[in-house]
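Participant: after the sequence you'll find the predicted model.
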Amino acid sequence: MNSVINFIGDNIQMFYIVILMIFVGIEVIGKVPAVLHTPLMSGANAIHGVVIIGAIYVMLHTDPDNILSLVLGFIAVVLGTLNVVGGFVVTDRMLEMFKKKK
């Protein structure tokens, strides 16, 4: 418990930045009209590919004995992949709405 308190004390600026990012994100997303919400989210999901690359990079440079890091990296790769694929599926469905019917 003492190490957690020390970690928070050493990295308090990081926590302030994360809290600020949460408030800014809520304000930005709250101002987006409902019509633009789906394209915005599908684009954001596609950008999530950076998380996949980062997770793979971290897994490649992790000690093979560190099971926790490998498992968390694997979970990050799986969830990031699902997010990217979902973003492309939603984008494809949106584009289908604008095609002319036969």
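Facilitator: Received the coordinates, thanks.
Participant: neighbouring contacts of stretch 63-82?
Facilitator: Residues from elsewhere that reach stretch 63-82, judged by C-beta atoms under 8 Å, 6 or more residues apart in numbering: His48, Gly49, Val51, Ile52, Gly54, Ala55, Ile56, Val58, Met59, Thr62. For the C-beta atoms, the positions are set from N, CA and C on the backbone; glycine is no exception.
Participant: list the ones among the residues you listed that fall in helices.
Facilitator: Gly49, Val51, Ile52, Gly54, Ala55, Ile56, Val58, Met59 (DSSP state H).
Participant: just among these, which is most surrounded?
Facilitator: Ala55 (20 neighbours; other C-beta atoms under 10 Å).
Participant: tell me how far it lies from Gly43.
Facilitator: 20 Å (C-beta to C-beta, to the nearest Å).
Participant: report the buried residues of stretch 30-48.
Facilitator: Residues Met41, Ser42, Asn45, Ala46, His48 are the ones in stretch 30-48 that count as buried (16 or more other C-beta atoms under 10 Å).
Participant: er, stretch 67-82 actually
Facilitator: Gly73, Ala76, Val77, Gly80.
Participant: ok so, going back, okay, the ones in helices among the contacts of stretch 63-82 in TSV with distance to Ser69 next?
Facilitator: Below are the ones in helices among the contacts of stretch 63-82 laid out as TSV (distance: C-beta to C-beta, whole Å):
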residue	distance to Ser69
Gly49	21
Val51	15
Ile52	16
Gly54	13
Ala55	10
Ile56	13
Val58	7
Met59	7
